[in-house]
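> here is a sequence together with a model predicted from it:
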Amino acid sequence: MSIRVSEGPLPGQATLHVNASLDLTSAADLRAAVEALVNDGVKHVTVDLTGADVVDSTGLGALISALKSVRKNGGDLRLVGPNRRVRMLLELAKLTDLLKIADPPDTPPG
């Protein structure tokens, strides 16, 4: 599986680690992982894109779908670790206001 789930430091938090390109083959894994987390009561989801060298339109759709699913259940979703190319894609698609990019936990702000 191209998506690994780790529980957050607090109840109701989880991180999805994308370990491959987020594309047609892995987008379904992301959707399934988010649905399982939401069904388990997780409200705060972080998608770690450090291991994703490429995100295509299917991957973008999966991220938006994940955001909607989490928000529908009173939570929120954040992205961490997108590479320069993925960040540029998010900016070109005008999704950086919708899909918030947070600093990785071990990165000092600023």
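On my side now, so go ahead. Numbers count the residues shown, from 1 in each chain.
> please make it C-alpha for all contacts and neighbour counts, starting now.
Noted.
> hey, where'd the helices end up in the chain?
24-39, 57-72, 84-92 (DSSP state H).
> I'd like to know which of those lies nearest to residue 16.
Proximity of the helices of the chain to residue 16 was assessed by CA to CA; the nearest stretch is helix 24-39, lying at 7.8 Å.
> could you list the alpha-carbon positions for that closest one in CSV?
Output of helix 24-39 as CSV, limited to C-alpha atoms (Å, rounded to 0.1, in the frame of the first residue of the first chain):
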residue,chain,number,x,y,z
LEU,A,24,-4.5,7.1,-10.4
THR,A,25,-3.1,4.0,-8.6
SER,A,26,-2.7,5.5,-5.1
ALA,A,27,-5.6,7.9,-5.0
ALA,A,28,-8.1,5.2,-4.1
ASP,A,29,-5.8,4.2,-1.2
LEU,A,30,-5.8,7.7,0.1
ARG,A,31,-9.6,7.9,-0.1
ALA,A,32,-10.0,4.6,1.6
ALA,A,33,-7.6,5.5,4.4
VAL,A,34,-9.4,8.8,5.0
GLU,A,35,-12.8,7.1,5.1
ALA,A,36,-11.5,4.6,7.6
LEU,A,37,-10.1,7.3,9.8
VAL,A,38,-13.3,9.4,9.7
ASN,A,39,-15.3,6.3,10.5
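> buried residues in that helix?
Within helix 24-39, the residues scored as buried using 16 or more other CA atoms under 10 Å are 26, 27, 28, 29, 30, 31, 33, 34, 35, 37, 38.
> contacting residues for the last one?
Read it as residue 38. Listed by CA atoms under 8 Å, 6 or more residues apart in numbering, the contact set of residue 38 reads 69, 70, 73.
> mark which of those residues are buried, thanks.
Buried among the contacts of residue 38 (16+ other CA under 10 Å): 69, 70.
> how about low-confidence regions in the protein?
In the predicted model, the chain carries pLDDT under 70 at residues 1, 104-110.
> again, only this time at 50
When residues are selected by pLDDT under 50, those of the chain lie in 107-110.
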